[in-house]
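Chemist: Sequence first, predicted coordinates after that:
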Amino acid sequence: MFKKVLIANRGEIALRVLRACKELGVATVAVHSTADAESLHVRFADEAICIGPPQSKQSYLNVRALLAAADVTGADAIHPGYGFLSENAEFAELVTKMGIKFIGPRPEMIRLMGNKVAAREAMEKAGLPLLPGARGKLANAEEAEKIAEEVGYPVILKAAAGGGGRGMKICRDRAQVRQLFETASNEALAAFGDGTMYLERYVEQPRHIEMQIVADEHGGIIHLGERECSVQRRHQKLLEEAPSPAVTPELRREMGEVALSAMRRVGYNNVGTIEFLMDEKGRYYFMEMNTRIQVEHPVTEQVYRLDLVREQIRLSAGERLERTQESVVPGSHSIECRVNAEDPVTFAPSPGKITGYHQPGGYGVRVDTMAYEQYKVQPYYDSLVAKLVITGANREIAVKRALRALNEYVIEGIKTNIPFHKRVLVHPGFVAGKYDTRIVEQILNPPAPEGAPKTTAAGG
Ligand code: MV4
């Protein structure tokens with residue numbers, strides 16, 4: 001096992017990793033920007049090092065400062081958390097070259113999955129189902145048009161270097177492909193430094209379902225079922241649940257086996273998530289693979305009773321998986337509400353000081369947060385304040401418990417999206433488990449009742 005882990009992150013995930021390290025008997029080094037000097041991850045760590053001013057670029061993304069901090073503290077491993085440098089293959093490589101273990105998959109694996117065209121090709125070879133589309137990258141607009149005609153409309157243009165919804169364009173006919181290809185490619189070049197594009201058949205009402213993979217460095221590999229992540233707005237997930245109401249035990253077994261077989265073929269190690277898009281008929285297609293621990297990992301931990309961050313660290317230290325596929329069975333239902341410091345109606349960020357704070361508790365309630373009374377939500381970072389993770393014997397109990405917990409939650413001084421979560425949890429489609437990625441839009445702009453006169457937002 002490692003002696004000392006440097007946590008290259010902040011907020012709730014820094015605290016989450018720190019707690020796992022403590023339970024493993026591993027010393028911790030916190031790093032922080034000047035804005036985060038008072039943070040809990042700094043206070044609870046064995047050592048803390050200031051790595052720069054508030055802006056992420058100058059602190060949590062500052063590779064030289066992070067490597068220097070690891071060097072002077074004698075850390076033998078770095079945990080990147082999620083976001084920031086967690087999927088930066090160059091960073092993982094630099095860390096490895098210093099003789100420090102990067103807690104995550106090998107850098108080649110991060111690089112492969114970071115290029116969506118390469119990942120798509122590799123995953124198809126490894127046996128995962130793909131949507132019909134371009135085999136590799138598109139050379140030009142003419143090729144895009146030709147393939148779009150073969151595939152049939154609508155199609156979606158995506159940037160190879162994009163991901164998470166960035167750099168996508170939906171095209172409903174040949175003219176749109178012609179018109180949008182250059183724009184999309186130029187935008188991708190400006191945003192990611194790589195204008196490479198690919199194309200797929202577009203699914204109108206998809207569900208976003210992802211499988212959790214856990215692999216050791218000795219060939220041991222298991223999956224921990226799926227998470228349903230269709231409650232999103234502008235590619236920001238708001239609420240996730242496990243298991244997915246759209247996945248039967250048989251489908252779970254099938255998707256798990258297909259995913260494991262693909263991961264064995266590419267020699268995947270450590271934790272990872274395979275994102276699938278599911279169409280109206282329940283068919284599933286590989287989208288992207290994430291090589292980090294994800295924000296929504298707790299719902300899987302609750303349902304499968306396995307500490308994913310502890311496992312991630314253990315496996316990185318060369319230890320073996322202790323669980324077999326047969327021994328991991330879903331035993332409950334779990335829902336995560338991402339409590340963000342933002343306006344519940346406009347979704348505009350709402351940083352500032354939390355002047356009053358009381359968090360929910362009781363049976364089946366877990367709150368992963370860095371917040372406390374007087375905590376200042378910073379404007380420099382993402383707006384996540386807490387993950388309210390609710391677990392129940394079944395989905396119905398979990399939904400009711402989540403509402404109960406949200407009603408107990410008091411956060412004063414800043415706006416939060418707690419009111420929005422309450423609306424999701426009573427939405428008939430959500431309650432029935434029959435929803436897709438359009439659900440947030442449907443909650444914000446409910447369809448007018450049959451026969452009702454048309455009204456504007458102002459009611460005129
Ligand atoms: C799609 C799609 C429909 N068809 N690809 C958005 C995030 C990125 N991982 C892929 N995304 C999508 N890809 C095809 N071929 C629809 C989306 C999409 C979406 C996916 C998951 C969750 C929410 C979404 C919201 C809009 C679009």
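Modeler: Alright, I've got the coordinates.
Chemist: Just the pLDDT at G460, thanks.
Modeler: pLDDT for G460: 32.
Chemist: ugh, typo on my part, it should be A457
Modeler: 48.
Chemist: again, but for S39
Modeler: On pLDDT, S39 comes in at 98.
Chemist: go on, G282?
Modeler: pLDDT for G282: 95.
Chemist: now E296: how far from the ligand?
Modeler: According to Cβ to the nearest ligand atom, to the nearest Å, E296 stands 13 Å off from the ligand. Just so you know, the C-beta spots here come from the backbone N, C-alpha and C atoms, and that holds for glycine as well.
Chemist: and the spatially closest residue to E412 that is not a sequence neighbour, how many neighbours does it have?
Modeler: Closest residue to E412 apart from its sequence neighbours, by Cβ to Cβ, 6 or more residues apart in numbering: G356 at 3.3 Å. When neighbours are defined as other Cβ atoms under 10 Å, G356 has 10 of them.
Chemist: mind checking how far G356 is from E275?
Modeler: G356 sits at a distance of 38 Å from E275 (criterion: Cβ to Cβ, to the nearest Å).
Chemist: And for A119?
Modeler: Distance, A119 to E275, using Cβ to Cβ: 10 Å.
Chemist: which residues touch the nearest residue to E124 once chain neighbours are set aside?
Modeler: Closest residue to E124 apart from its sequence neighbours, by Cβ to Cβ, 6+ apart: L130 at 5.1 Å. Neighbouring residues of L130 by Cβ atoms under 8 Å, 6 or more residues apart in numbering: 120, 123-124, 200, 285-286.
Chemist: Pick the one among the residues you listed closest to the ligand.
Modeler: The shortest approach to the ligand among the contacts of L130 belongs to E200, at 3.9 Å (Cβ to the nearest ligand atom).
Chemist: Work out the gap between the strand or helix carrying that closest one and the centre of the chain.
Modeler: Taking DSSP states H and E as the criterion, E200 maps to strand 197-201. Distance of strand 197-201 from the chain centroid (Cα atoms, centre = their mean, to the nearest Å) equals 22 Å.
Chemist: Name the SS class of the residue nearest to E124, please.
Modeler: Under DSSP: H, G, I helix; E, B strand; the rest coil, the three-state class of L130 is coil.
Chemist: how much space between it and Y198?
Modeler: From L130 to Y198 the distance is 11 Å (Cβ to Cβ).
Chemist: what do those two both touch?
Modeler: R120.
Chemist: correct me, but V214 touches A259?
Modeler: No: V214 is not in contact with A259 according to Cβ atoms under 8 Å; the separation is 11.4 Å.
Chemist: what do these two both touch?
Modeler: Going by Cβ under 8 Å, 6+ apart, residues that sit against V214 and also against A259 are H223.
Chemist: and these two? which has more neighbours close in?
Modeler: For V214 and A259, the more surrounded residue by other Cβ under 10 Å is A259, and the numbers stand at 28 against 25.
Chemist: quick check, that one in a strand?
Modeler: No: read with three-state DSSP, A259 is helix and lies in no strand.
Chemist: if you skip the residues just before and after it, what's nearest to it?
Modeler: Per Cβ to Cβ, 6+ apart, closest to A259 is M211, 4.8 Å.
Chemist: contacting residues for A161?
Modeler: 114-116, 167, 188, 192-194, 196.
Chemist: Could I get the average pLDDT for the one helix or strand it maps to?
Modeler: Assigned by DSSP H and E, A161 falls within strand 155-163. Averaging pLDDT along strand 155-163 yields 91.
Chemist: How far does the next helix or strand after that strand sit from its chain's centre?
Modeler: Remark: after strand 155-163, the chain's next helix or strand is strand 166-171, criterion DSSP H and E. Averaging C-alpha positions (Cα atoms, centre = their mean) puts strand 166-171 20 Å from its chain's average.
Chemist: Parallel or antiparallel, which strands does strand 166-171 pair with?
Modeler: The pairing partners recorded for strand 166-171 under DSSP bridges are strand 155-163 (antiparallel).
Chemist: tilt between the strand it pairs with and strand 197-201?
Modeler: 130 degrees (axes from the mean of the first three to the mean of the last three Cα atoms, to 10 degrees).
Chemist: Measure how far strand 155-163 is from the centre of its chain, please.
Modeler: Centre-to-centre, strand 155-163 and its host chain are 18 Å apart (Cα atoms, centre = their mean).
Chemist: got it, and stretch 304-315?
Modeler: Centre to centre, stretch against its chain (Cα atoms, centre = their mean), the figure for stretch 304-315 is 17 Å.
Chemist: Over to stretch 78-90?
Modeler: 13 Å.
Chemist: Over to stretch 208-223?
Modeler: Distance, centroid of stretch 208-223 to centroid of chain: 16 Å (Cα atoms, centre = their mean).
Chemist: Name the residues of this protein found near the ligand, please.
Modeler: Taking Cβ under 6 Å from any ligand atom as the contact definition, the chain meets the ligand at 131, 156, 164-165, 200-203, 206, 208, 232, 235, 275, 277, 287-288, 437.
Chemist: Write the PyMOL selection for whichever of these are buried.
Modeler: Applying 16 or more other Cβ atoms under 10 Å to those leaves a buried subset, and the PyMOL line that selects it is:
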select buried, resi 131+156+200+201+202+203+206+208+232+275+277+287+288+437
